[in-house]
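*Asks:* Pasting the sequence and the predicted model now:
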Amino acid sequence: MPYCPECGGEMQYMLGTKHYVCKSCGLSVTQQELMELREKLRPNEETKEEEHERQRKEYLKWYLSKKK
């Protein structure tokens, strides 16, 4: 059973309206809207390659600034 992105309560699927409705706060969303909300709230995780590239660029920027 999915959980509400707003309050963390349980969400129940309503067949008549094809919406998920939170039992706690009453939030009503479609499955697509629920997936979009979760994607927005999920922290953006870097891959190892992206992290390595970011660190390399930061080091290069620091190194070049010391040369002046």
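*Replies:* That came through, no problem. Numbers count the residues shown, from 1 in each chain.
*Asks:* And the helices in the protein?
*Replies:* All helices of the chain, identified by DSSP state H, fall at 31-41, 48-66.
*Asks:* Buried residues in the first one, which are they?
*Replies:* Read that as helix 31-41. Leu34 (16 or more other C-beta atoms under 10 Å). The C-beta positions use only the backbone N, C-alpha and C, and glycine is treated the same way.
*Asks:* Quick check: beta-bridge partners of Val29?
*Replies:* Beta bridges link Val29 to Tyr20, judged by DSSP bridges.
*Asks:* Isn't it up against Tyr20?
*Replies:* Yes: contact criterion C-beta atoms under 8 Å: Val29 and Tyr20 qualify, at 5.6 Å.
*Asks:* any weak-confidence spans in the protein?
*Replies:* Confidence mapping of the chain against pLDDT under 70 gives the ranges 67-68.
*Asks:* ok, now with 80
*Replies:* By pLDDT under 80, the low-scoring segments of the chain are 1, 43-46, 66-68.
*Asks:* Can you tell me the centre-most residue of it?
*Replies:* Centroid-nearest residue in the chain, with C-alpha atoms, centre = their mean: Arg42, separated by 1.8 Å.
*Asks:* Next one: that residue from Glu36, what distance?
*Replies:* 11 Å (C-beta to C-beta, to the nearest Å).
*Asks:* Could you do Glu6 as well?
*Replies:* For Glu6 relative to Glu36 (C-beta to C-beta), the value is 13 Å.
*Asks:* And for Tyr13?
*Replies:* For Tyr13 relative to Glu36 (C-beta to C-beta), the value is 17 Å.
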